[in-house]
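In: no sequence for this one, just the structure:
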């Protein structure tokens, strides 16, 4: 199976970092975005940008930093956006309903697919988003986690949020699966029959309930999802067992 | 609503880092684990541990490093484990079926809940898991992502995987929601009626289709999920509008 494409509509989803303090976090956030197919980064009043540390930590995602849009206010970053999601981990006295990334992702994907501009807005590393920043957004998202230690750092939060979005694009990992051909039920039955024969030939069924044993073996191989190549290996082994049984029977008969 | 507890059974899920090179990654991984309620860290042949950089990056999760189990072989880390998941991002010529964290998480949670020991196994930063390491696992997981840039770093992969697990524990973000009381449909109807009255009083309906306008207004407020407090604010405003209308009518009549 061929490698799938990153869907074009992901370009309609931007990440906005509001007042980031550490250039390294900008770089790590860019890398996180790119691993999940996002490419548009907005920086509101970054303390230092561009910066060598950002470029280093971006690794292969330095292209996102080059195309990053630096603005002075959050409003500029959201001007053409229809859905702006404020990421927060604090309890807030706001009446915007609080949702999880998983609950909201399908809507965000649907809107991006329709050509609307969507923003994921992350606050300052120490202070998070200000109340004024949150009020410029029309969605409030919290990543679920340990209620006693909610210390997801900025780039980690970007990673989780973009992972969640990507998982709703329908791009599968199928292309990473090896091509092993699954055996048919007929082939599995034939192999099990052969196993039973070999067990019988080698004298394994004496004083044992062969039907019950074979039922268990069939269940095991059905559960395992046997591949054609594995059937060949097993039947080769069973043949060898049968030859040995034949030889030892001959010797017994000598 | 009270803060929920991290479920005890998450203690049955361990993170195993095989041959980690950089102490900083061990610290970041510990922090990522703790944000998602995991606490048991195994280190197979770490290049340097304990290490000051690990402790720094663990931030509030240094307790996980103190209790980390250092072993010399992966087999030791998996000895009492029933389900060992190898995290991989490469195409592998292995016949273990490749699944995503989301597909596998419900099974892992169910087993941990039943008291089985589950392991999430992550490889070396540069080389990933060796074929021998993968073969000691009975699940093969890949985090879906950009097929052209799959460069999730070690701690990011731990963060995404543990986030995915946590999201299946049923621990909600409900406790972070403010307590604003939702208005009943009767209250919304009453408020819309009041709005219609105020619009009429101020002469807004002249030459306009009042029914259509009010239908739109009702739809808007239904969609918004109005809170009781907001109803009070709006009705206060409408009263003021009606008073003004009354006054200006009086003046007109002077």
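Out: Thanks, I have it. In this text, all values refer to a predicted model and were calculated from it rather than measured experimentally. Numbers count the residues shown, from 1 in each chain, chains lettered A, B, ... in the order given.
In: Mind listing what's buried along the least confident helix or strand in chain A by mean pLDDT?
Out: Across the helices and strands of chain A, mean pLDDT, DSSP states H and E gives its lowest value to helix A:228-253, namely a mean of 84. When neighbours are counted by 16 or more other Cβ atoms under 10 Å in any protein chain shown, the buried residues of helix A:228-253 are found to be A:230-231, A:234-235, A:238, A:241-242, A:245. To be clear about C-beta, it is placed using only N, CA and C from the backbone, and glycine gets the same treatment.
In: and it, what other elements does it pack with?
Out: Other elements packing on helix A:228-253 under the criterion 3 or more Cβ pairs under 8 Å, 6 or more residues apart in numbering or on different chains; DSSP states H and E are helix A:185-201.
In: do the helix it packs on and chain B meet?
Out: No - figure legend: helix A:185-201 not in contact with chain B (Cβ under 8 Å from any Cβ of the partner chain); closest approach 14.7 Å.
In: show me the contacts for residue A:117.
Out: Residues touching residue A:117, when contacts are defined by Cβ atoms under 8 Å, 6 or more residues apart in numbering or on different chains, comprise A:12, A:14, A:80-82.
In: The least confident helix or strand of chain A to helix A:185-201, inter-axis angle?
Out: Interaxial angle, helix A:228-253 versus helix A:185-201 (axes from the mean of the first three to the mean of the last three Cα atoms, to 10 degrees): 20 degrees.
In: List buried residues within the contacts of residue A:117.
Out: Buried subset of these (neighbour count, 16+ other Cβ under 10 Å): A:12, A:14, A:81.
In: Name the SS class of residue A:5, please.
Out: Judged by DSSP: H, G, I helix; E, B strand; the rest coil, the three-state class of residue A:5 is coil.
In: Quick check: it vs residue A:36, distance?
Out: 14 Å (Cβ to Cβ, to the nearest Å).
In: now swap in residue A:238 and tell me
Out: Distance of residue A:238 to residue A:36, computed by Cβ to Cβ: 48 Å.
In: Please apply the same query to residue A:112.
Out: In this structure, residue A:112 lies at 13 Å from residue A:36, with Cβ to Cβ as the measure.
In: Residue A:219 now?
Out: Distance check for residue A:219 against residue A:36: by Cβ to Cβ, it reads 40 Å.
In: and of the buried residues of helix A:228-253, the nearest to chain B?
Out: For chain B, the closest of the buried residues of helix A:228-253 turns out to be residue A:230, at 7.2 Å, with distances computed as Cβ to the nearest Cβ.
In: Confirm for me that the closest one is in contact with residue A:183.
Out: Yes - using Cβ atoms under 8 Å, residue A:230 and residue A:183 qualify as a contacting pair, with a distance of 7.5 Å.
In: what's the burial count for the closest residue to residue A:18 other than its chain neighbours?
Out: The shortest distance from residue A:18 to any non-neighbouring residue, by Cβ to Cβ, 6 or more residues apart in numbering or on different chains, is to residue A:44 (4.6 Å). The burial count assigned to residue A:44 is 23, neighbours taken as other Cβ atoms under 10 Å in any protein chain shown.
In: ok, now which ones touch residue A:44?
Out: Residues in contact with residue A:44, defined by Cβ under 8 Å, 6+ apart, are A:16-19, A:71-74, A:76-77.
In: give me that answer again for 10 Å
Out: A:16-20, A:69-78, A:121, A:123-124, A:133 (Cβ atoms under 10 Å, 6 or more residues apart in numbering or on different chains).
In: Looking at residue A:5 and residue A:36, which one has more neighbours?
Out: Comparing residue A:5 with residue A:36 by other Cβ under 10 Å, the one with more neighbours is residue A:36, at 29 against 11.
In: How many residues are close by the closest residue to that one other than its chain neighbours?
Out: If you skip the residues right next to it in sequence, residue A:36 has residue A:162 as its closest partner in space, 3.7 Å away by Cβ to Cβ, 6+ apart. By other Cβ under 10 Å, the residues close to residue A:162 number 26.
In: and residue A:162, what pLDDT?
Out: Residue A:162 is assigned a pLDDT of 98 by the prediction.
In: Make sure it is actually in contact with residue A:120.
Out: Yes - taking contacts as Cβ atoms under 10 Å, residue A:162 lies within contact range of residue A:120: 7.6 Å.
In: which neighbours do the two share?
Out: With Cβ under 10 Å, 6+ apart as the test, residue A:162 and residue A:120 both reach A:13, A:15, A:33, A:38, A:101.
In: Just send the residues you listed back as a markdown table, with secondary structure too.
Out: Supplementary listing: those in a markdown table, determined by three-state DSSP:
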| residue | secondary structure |
| --- | --- |
| A:13 | strand |
| A:15 | strand |
| A:33 | helix |
| A:38 | coil |
| A:101 | helix |
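In: Any chance of those residues in JSON lines with pLDDT as columns?
Out: Converted to JSON lines, the shared contacts of residue A:162 and residue A:120 look like this (pLDDT from 0 to 100):
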{"residue": "A:13", "pLDDT": "98"}
{"residue": "A:15", "pLDDT": "98"}
{"residue": "A:33", "pLDDT": "98"}
{"residue": "A:38", "pLDDT": "98"}
{"residue": "A:101", "pLDDT": "96"}
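In: Which two of the residues you listed have the greatest separation?
Out: The largest distance within those, taken as Cβ to Cβ, falls between A:33 and A:101 and amounts to 14.4 Å.
In: give me the number of residues near residue A:4?
Out: As a burial measure, the neighbour count of residue A:4 was computed by other Cβ under 10 Å and equals 17.
In: now it: how far from residue A:176?
Out: 10 Å.
In: Likewise for residue A:118?
Out: Applying Cβ to Cβ, the value for residue A:118 to residue A:176 is 28 Å.
In: Compare those two and say which one has the larger neighbour count.
Out: Here residue A:118 and residue A:176 are set side by side on neighbour count (other Cβ under 10 Å), and the busier one is residue A:118, at 23 against 19.
In: can you pull the contacts of the closest residue to residue A:173 other than its chain neighbours?
Out: In space, residue A:173 comes closest to residue B:142 once its chain neighbours are excluded; the distance is 4.7 Å by Cβ to Cβ, 6+ apart. Contact partners of residue B:142, counting by Cβ under 10 Å, 6+ apart, are A:173, A:176-177, B:86-92, B:98-101, B:150.
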